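Asks: here are the coordinates; sequence isn't available:
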């Protein structure tokens with residue numbers, strides 16, 4: 001394993017790309033030591049305004065360039081991401097504290113998203129004829145017009161992959177982007193952006209700003225033509241209200257309290273190994289990670305023993321490289337939240353099965369992956385999203401009980417089912433109230449399926465990223481109809497009276513031939 005390093009020249013080069021006219025900076029720490037990693041420039045509301053103005057100008061020629069030109073540039077960026085993967089992995093680890101393996105998931109997701117949108121954009125968004133309401137009398141086609149400038153607000157936890165999942169489809173659709181990066185993930189975003197700029201994306205087309213949400217985030221949501229937000233449900237509501245007042249669209253991926261169901265025919269050891277990863281990848285700081293485990297009491301003893309053993313023997317660490325199974329929480333605030341949720345649960349009667357301790361010997365914000373039982377509704381851990389290294393284990397007596405418990409949440413982002421029967425897994429998956437459901441995997445099956453829509457139900461968000469839905473959110477469908485001259489449509493009462501029988505005949509004929 002390599003020690004954490006700080007290539008200061010690279011950091012300065014990347015942060016020079018932030019749109020910031022002033023001299024203010026903020027010190028950004030690394031989870032490995034808690035010490036300052038780099039100084040990040042701070043943007044202002046005026047910087048956001050200027051970035052949007054330049055992006056609007058750049059967007060005009062980008063939209064006119066067409067699908068083929070955009071595809072070529074985006075696929076070149078795809079290749080540059082792969083070429084620069086080691087540098088990107090270093091930045092991900094330095095900023096987030098996650099392991100290299102979990103950082104690799106971000107790289108894989110970013111190239112998958114880039115490849116899909118580059119190739120699929122023309123098929124999904126090209127203009128097309130549709131059946132006219134009056135065949136032979138009029139012709140109708142639909143074109144898809146880019147919305148303009150997308151405002152993208154991304155969090156720190158999966159900075160690189162979440163940026164790609166919103167920015168790349170916007171670019172593929174012909175839009176420009178102004179992105180507010182979280183301080184803790186700005187380097188990863190700036191390095192990703194540089195790959196796209198080097199591939200041929202105009203610099204002004206994808207601008208990155210930083211700074212306080214109250215100033216910079218508000219300025220962005222005040223002017224953008226479409227808003228993408230990933231973060232807390234509380235903030236998502238405020239953004240949705242503002243978008244509603246402005247009558248612009250928004251896609252919001254918000255909180256989750258994601259359940260995992262272990263049915264009585266599952267292999268307990270296999271399910272436990274997968275549950276450990278599903279709960280504690282990125283130390284639980286992942287929107288789709290698991291925080292609630294419902295295991296059938298028939299196999300609960302075997303599953304619990306296997307899960308405890310797996311986590312007790314896991315390798316924790318913060319060094320660069322593939323030497324650790326689990327890394328660090330990202331900040332002092334995250335550690336404080338995890339410790340507060342655990343202390344509240346234990347004080348009210350919960351039992352710690354494994355973990356439960358900070359590990360300052362490994363890093364200032366390292367916390368052991370923790371499983372607790374006996375969690376009850378009066379505990380914060382029961383219904384609130386922890387977004388950290390704790391999961392609760394519950395025993396159930398049937399599939400129906402597990403489904404009802406899993407669905408008894410204000411959230412509905414991701415869910416997982418472990419079973420020995422694919423058919424049973426599909427049946428239970430169909431009953432779960434979540435935007436994504438994985439059978440015999442925790443989250444990666446759905447998360448990696450970039451051709452399929454991803455998003456939440458209930459308080460986990462609105463809208464979808466990925467797939468055709470992820471592209472369509474960045475365009476406005478425009479219907480264009482033209483008369484053929486074969487027949488003049490009625491304008492006077494006499495003309496209506498004369499043509500009504502023909503129109504009625506047409507309506508009956510279309511039904512007879514099965515035309516919509």
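Replies: Thanks, I have the structure now. Keep in mind that what you see is a predicted model, and the values were worked out from it rather than measured. Numbering: from 1, shown residues only.
Asks: surely residue 146 and residue 477 touch.
Replies: No: using Cβ atoms under 8 Å, residue 146 is not in contact with residue 477; the gap is 11.7 Å. C-beta here means a position set from N, CA and C on the backbone, and glycine is covered the same way.
Asks: between those two, who's got more neighbours?
Replies: Neighbour comparison, residue 146 and residue 477: the larger count goes to residue 146, with 23 against 11 (by other Cβ atoms under 10 Å).
Asks: what's the local residue count around the closest residue to that one other than its chain neighbours?
Replies: Leaving out its chain neighbours, the residue that sits closest to residue 146 by Cβ to Cβ, 6 or more residues apart in numbering is residue 174, at 3.6 Å. If you count neighbours by other Cβ under 10 Å, residue 174 ends up with 24.
Asks: doesn't residue 174 belong to a helix?
Replies: No: Residue 174: not assigned to a helix; according to DSSP: H, G, I helix; E, B strand; the rest coil it is coil.
Asks: what's the end-to-end length of stretch 31-48?
Replies: With Cα to Cα, to the nearest Å applied, stretch 31-48 spans 29 Å between its terminal residues.
Asks: what does stretch 12-25 rub up against?
Replies: With Cβ atoms under 8 Å, 6 or more residues apart in numbering as the test, stretch 12-25 has contacts from 38-44, 46-48, 50-51, 186-187, 190-191, 193-194, 207-211.
Asks: retrieve the pLDDT associated with the closest residue in space to residue 447 that isn't next to it in sequence.
Replies: Excluding the flanking residues, the one nearest residue 447 by Cβ to Cβ, 6+ apart is residue 288, at 5.9 Å. According to the prediction, residue 288 has pLDDT 97.
Asks: number of residues surrounding residue 288?
Replies: 26.
Asks: show me the contacts for it.
Replies: 256, 258, 413-414, 436, 443, 446-447.
Asks: rerun at 6 Å
Replies: 413-414, 443, 447 (Cβ atoms under 6 Å, 6 or more residues apart in numbering).
Asks: and it, how far from residue 435?
Replies: The gap separating residue 288 from residue 435 is 9 Å, by Cβ to Cβ, to the nearest Å.
Asks: residue 197 now?
Replies: In terms of Cβ to Cβ, residue 197 sits 32 Å off from residue 435.
Asks: hang on, the earlier thing: so what pLDDT did the residue nearest to residue 146 get?
Replies: Looking at residue 174, the pLDDT reads 98.
Asks: how about residue 376?
Replies: For residue 376, the model assigns a pLDDT of 98.
Asks: what helix or strand is the nearest residue to it once chain neighbours are set aside located in?
Replies: Excluding its sequence neighbours, the residue lying closest to residue 376 (Cβ to Cβ, 6+ apart) is residue 382, at 6.3 Å. Per DSSP states H and E: residue 382 is located in helix 380-383.
Asks: other residues contacting that helix?
Replies: With contact meaning Cβ under 6 Å, 6+ apart, helix 380-383 is reached by 341, 344-345, 375, 392.
Asks: same check, this time on stretch 329-347
Replies: 31, 96-97, 283, 365, 367, 372, 375, 379-381, 386, 388-390.
Asks: change it to 8 Å
Replies: With Cβ under 8 Å, 6+ apart as the criterion, stretch 329-347 contacts 29, 31, 34, 95-97, 156-157, 184, 283, 285, 352, 356, 358, 364-367, 370, 372, 375, 379-381, 384, 386-390, 392.
Asks: residue 43 belongs to a helix?
Replies: No: read with three-state DSSP, residue 43 is coil and lies in no helix.
Asks: please name the residues that touch it.
Replies: Residue 43 touches 18-20, 209-211, 216, counting by Cβ under 8 Å, 6+ apart.
Asks: and residue 227, what element?
Replies: strand 226-230.
Asks: tell me which strands that strand pairs with, and in which orientation.
Replies: strand 149-154 (parallel), strand 249-253 (parallel) (DSSP bridges).
Asks: could I get the full set of helices for the stretch 1-150 of the chain?
Replies: 8-15, 45-65, 67-83, 85-96, 100-125 (DSSP state H, counting those that start in this stretch).
Asks: worst average pLDDT in those?
Replies: For the helices of the stretch 1-150 of the chain, the weakest mean pLDDT is recorded on helix 8-15, namely a mean of 94.
Asks: if we go by neighbour counts, what in it is buried?
Replies: Buried residues in helix 8-15, counted by 16 or more other Cβ atoms under 10 Å: 11, 14-15.
Asks: of these, closest to residue 455?
Replies: residue 14 (30.1 Å; Cβ to Cβ).
Asks: against residue 330, how distant is residue 254?
Replies: Counting by Cβ to Cβ, the gap from residue 254 to residue 330 is 19 Å.
Asks: closest one to residue 515 among the helices of the stretch 1-150 of the chain?
Replies: In terms of Cβ to Cβ, the element of the helices of the stretch 1-150 of the chain nearest to residue 515 is helix 100-125, at 23.9 Å.
Asks: hey, which helix or strand in this protein has the poorest pLDDT?
Replies: The helix or strand of the chain with the lowest confidence, counting by mean pLDDT, DSSP states H and E, is helix 493-512 at a mean of 91.
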